[in-house]
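Participant: Fold the following for me, if possible:
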Amino acid sequence: MSLLKQARQGVFWTFLQQFSVQLINFGVQIVLARLLVPSDFGLIAMISIFIAVGQNLTDSGMSTSLIRNPKNTETDYGTVFITNLCISILIYLVIYLLAPLVSRFYEQIILTPLLRLYASVFVINAFTAVQLARFSKELKFKVQFSYQLPSVIIGALIGVYLAYIGYGVWSMVWLNIVQAFVFACSLWFFSPWRPKLVFNRTIFQYHFSFGYKLTLSSLLNTIYLNLYKIIIGKNFSPTSVGYFTQADNLRSFPINQLSTVLNKVTFPLFSSIQNDIKLKKAYKSAMRLVLSLSSAMMFILILIAFPLFSFIFGEKWLPAVPYFQVLCIASIFLPIGTYNLNILKVKGRSDLFLKVEVIKKIIGVTALVISVPFGILAMVWTLCLTNVFFAYLNGYFSGKLINYLTVEQIVDSLKVVFIAFIPAVMIYFARSFFDLKSSNDIAVIFIVFSLYTILYVPLIYILNKDLLDDLRIILKR
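Facilitator: All right, here's what the predicted structure looks like:
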C-alpha cells in the first residue's frame, strides 16, 4: 500500500476514532456536569497535574522514539515495554506516598484516597503504550479504533451510573480507571502481538536519549498548563477551579479533535518527507487548512457562549462563560504551535524542543505570577496571550529548519484568522436587529451558526481562494 493511501486511510480512521471516542466522553461530561456539582470537577482538577505528570514520566518519550525510529526490532519493543512498566510502578509508589501532602496543601482531606486510586492508571496504561506506538507507526488506526471504542463505552456507562447513585467525585475516577483497564484487556486478549521480555541497554540508551528530552518538554508544558489549576485551587475554592476547568475543557474539545486527528497522521507522514521544500509546502497547507477551521469554530463558540453553557451544562455553570470566551481566542492559534513543534520532532531536534519549552515556561510562569493579584479572569487573559505568543515562538525555531520564517508564518496565519474574524464582527454588531433574547438557547445557537456559515464561505472564496484549492485537491484525492 502506498504511503499516500495509508495516510488517507489513517486520516479517516483516526478521525472516526477521535470523533466517536471524544464525542462519547464529551457526552458523559455533559451528563456528569448535570449530576454533579462544580466543586467535584474542581477536586479532580486539583489532582490532574499529578496524573498528567505521572503519565508523562511513565512513557519517558520512548513511544515517540519508536514511532520515529525507521526500523524497530522485537528487542526495541521489549526494552521500551519493560522500561515503561518499571517506571509506572515506581511513579505510582511515589504518588501514593505524596498523596497526604497534596491533601494538606489544598486543605482537602478527600484528595488523599482520591489521588491514590486515580494513580493506578499509570500501571494500566504501561501495558498499552508500546502496542499503541506500533499501531501509529504502521498507520493501523482502524485496529486501534476497534479496541478503544468498547472500553470508552463501558467506562462511560459505569461512570454515569455511579454518579447517578450518588458516588459524586468518585464516579469520575472510576470512569477513567475502567476505560484504561478494559482497553488494556482488549489489547492483550485479542491482539496477537506480545512484547518479548528482553532488555537491551544500548537500545534503551538510544530511545531514552531521544525520548527524555521530549519528556522534559512535555513535563514542563504539563506543569505549566496545570499551574493555573493549582494556583486557583490554592487561593480560591474548588468551585472556582471547577468553573475554570469546565471552560477549558469545552473550548479544548473541538480544537483538540481536529488537531489530534491530523497530528497522529502528519507526524509519521512528515517524518517520511526528506526534502525541506516539500516539507514546508506540506506543513504550510496543513496549517492553513486547520487554522481556517479552528478560527471559524472558536469565533462561533465565542458568539454562542452563554446559550451554549446554559443548554449543555445548565445555569449553574454560567459563571464559567467569561473564562471560556477568552480561552477560545488562545485555541485559534493552537494548530500553529503544535505543527511547529512537530517539525522539531521530525527533524530529530529534541534538544531544541526542550530549549523552546524552557524559554516558554520561564516567560509563562513570570506572567502568571504577575497576574495572580488581579484575579482569575486576569490569569485567564494571561494564559491566552502567552499561548498566542508561544505559537509564533515555536515557529521561530522550527521555521529555520524548513526555511519558513516567522514573519511569513505570521502573515499567512493572520490572513486566515482575519477572514474568519470578519463574519464574527458582523454578527456581533448585527445582534441588535434580531430578537434573540426571547429565543431559546437552541434557536440562538442555530441562528448564529447559520449566519456565520453563510458569511464565512463566500469570504474564503473571495479573499483566500488558494485555501479552497488545497481543500479541493485533498477531497479529490
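Participant: got the buried residues for the helix or strand hosting residue 91?
Facilitator: Secondary structure assignment for residue 91, by DSSP states H and E: helix 74-106. For helix 74-106, a neighbour-count test (16 or more other Cβ atoms under 10 Å) marks 76-85, 87-88, 91-92, 95, 98-99, 102-103, 106 as buried. C-beta coordinates here come from the backbone N, C-alpha and C atoms, glycine included.
Participant: For that helix, what does the pLDDT average out to?
Facilitator: The average pLDDT within helix 74-106 is 88.
Participant: just checking, what packs against it?
Facilitator: Secondary-structure packing of helix 74-106 (3 or more Cβ pairs under 8 Å, 6 or more residues apart in numbering; DSSP states H and E): helix 38-59, helix 62-68, helix 111-118, helix 121-126, helix 129-137, helix 201-235.
Participant: Which one, of the ones you listed, ends up nearest to residue 374?
Facilitator: Between residue 374 and the helices and strands packed on helix 74-106, the shortest separation by Cβ to Cβ is 12.0 Å, and it involves helix 201-235.
Participant: about what we covered before: can you redo the helices and strands packed on helix 74-106 as CSV with mean neighbour count, mean pLDDT and distance to residue 162?
Facilitator: Below are the helices and strands packed on helix 74-106 laid out as CSV (neighbours: other Cβ atoms under 10 Å; pLDDT from 0 to 100; distance: least, Cβ to Cβ, whole Å):
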stretch, mean neighbour count, mean pLDDT, distance to residue 162
helix 38-59, 22, 85, 12
helix 62-68, 23, 71, 31
helix 111-118, 20, 94, 13
helix 121-126, 21, 89, 16
helix 129-137, 22, 73, 27
helix 201-235, 19, 78, 23
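Participant: in the stretch 301-450 of the chain, which spans are helices?
Facilitator: Assigned by DSSP state H, counting those that start in this stretch, the helices in the stretch 301-450 of the chain fall at 305-312, 321-332, 334-346, 350-371, 376-402, 406-430, 441-463.
Participant: thinking again about what came up before, tell me how far the helix holding residue 91 lies from the chain's centre.
Facilitator: 22 Å (Cα atoms, centre = their mean, to the nearest Å).
Participant: ditto for stretch 294-301
Facilitator: With Cα atoms, centre = their mean as the basis, stretch 294-301 stands 17 Å off its chain's centre.
Participant: can you put the helices and strands packed on helix 74-106 in TSV and add distance to residue 315?
Facilitator: Converted to TSV, those look like this (distance: least, Cβ to Cβ, whole Å):
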stretch	distance to residue 315
helix 38-59	12
helix 62-68	43
helix 111-118	28
helix 121-126	33
helix 129-137	40
helix 201-235	22
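Participant: Of those, give the one that comes closest to residue 320.
Facilitator: Of all those, helix 38-59 sits nearest to residue 320, with 8.1 Å by Cβ to Cβ.
Participant: Quick one: list the elements packing against that closest one.
Facilitator: Using 3+ Cβ pairs under 8 Å, 6+ apart: helix 38-59 touches helix 74-106, helix 111-118, helix 121-126, helix 170-190, helix 201-235, helix 238-271.
Participant: Just tell me which of the helices and strands packed on helix 74-106 ends up closest to residue 464.
Facilitator: Across the helices and strands packed on helix 74-106, closest to residue 464 is helix 201-235 (Cβ to Cβ), at 31.3 Å.
Participant: I'd like the distance from that closest one to the chain centre, please.
Facilitator: Averaging C-alpha positions (Cα atoms, centre = their mean) puts helix 201-235 15 Å from its chain's average.
Participant: go on, stretch 400-417?
Facilitator: Centre to centre, stretch against its chain (Cα atoms, centre = their mean), the figure for stretch 400-417 is 23 Å.
Participant: Equivalent analysis for stretch 445-464, please.
Facilitator: Its chain's C-alpha centre and that of stretch 445-464 lie 27 Å apart, by Cα atoms, centre = their mean.
Participant: Sort out which residues of it are buried, please.
Facilitator: Of all the residues in stretch 445-464, those buried under the rule 16+ other Cβ under 10 Å are 445, 447, 448, 451, 452, 456, 459, 460, 464.
Participant: what about it, average pLDDT?
Facilitator: The average pLDDT within stretch 445-464 is 86.
Participant: burial count for residue 307?
Facilitator: Look at residue 307: counted by other Cβ atoms under 10 Å, it has 21 neighbours.
Participant: Excluding sequence neighbours, find me the nearest residue to it.
Facilitator: residue 441 (3.8 Å; Cβ to Cβ, 6 or more residues apart in numbering).
Participant: That neighbour against residue 309, yeah?
Facilitator: No - at 9.0 Å, residue 441 does not count as touching residue 309 under the criterion of Cβ atoms under 8 Å.
Participant: Which residue of these two possesses the greater neighbour count?
Facilitator: Each of residue 441 and residue 309 has its neighbours counted (other Cβ under 10 Å); residue 309 has more, 23 against 15.
Participant: got a list of what that one touches?
Facilitator: By Cβ atoms under 8 Å, 6 or more residues apart in numbering, the contact list for residue 309 reads 250, 317, 318, 320, 321, 324.
Participant: of the residues you listed, buried ones?
Facilitator: Counted by 16+ other Cβ under 10 Å, those give 250, 317, 320, 321, 324 as buried.
Participant: per-residue confidence for the second one?
Facilitator: Reading off the confidence values, residue 317 has pLDDT 90.
Participant: Next, the contact list for it, please.
Facilitator: Residue 317 makes contact with 33, 38, 243, 246, 309, according to Cβ under 8 Å, 6+ apart.
Participant: I'd like the residues you listed written out as CSV, with distance to residue 358 added.
Facilitator: Putting those into CSV (distance: Cβ to Cβ, whole Å) gives the following:
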residue, distance to residue 358
33, 36
38, 34
243, 31
246, 31
309, 36
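Participant: from those, which single one is nearest residue 56?
Facilitator: residue 246 (23.6 Å).
Participant: Now do the residue nearest to the closest one when sequence neighbours are not counted against residue 385, distance only.
Facilitator: Using Cβ to Cβ, 6+ apart and skipping residues adjacent in sequence, the residue nearest residue 246 is residue 320, 5.1 Å away. Remark: distance between residue 320 and residue 385 (Cβ to Cβ, to the nearest Å) = 20 Å.
Participant: what's the answer for residue 191, then?
Facilitator: Counting by Cβ to Cβ, the gap from residue 191 to residue 385 is 45 Å.
Participant: hmm, back to that, quick check: the two most widely separated of the contacts of residue 309?
Facilitator: 250 and 318 (12.5 Å).
Participant: Residue 243: neighbour count?
Facilitator: Number of residues near residue 243 (other Cβ under 10 Å) recorded here: 26.
Participant: Tell me which residues touch it, please.
Facilitator: Counting by Cβ under 8 Å, 6+ apart, residue 243 touches 38, 317, 319, 320, 323.
Participant: Domains in the protein, by residue range?
Facilitator: As assigned by automatic domain parsing, the chain contains the domains 1-235, 239-477.
Participant: my guess is residue 53 contacts residue 219, does it?
Facilitator: Yes - applying Cβ under 8 Å, one finds residue 53 in contact with residue 219, separated by 6.3 Å.
Participant: what's near enough to touch residue 152?
Facilitator: Residue 152 touches 20, 21, 24, 25, 179, counting by Cβ under 8 Å, 6+ apart.
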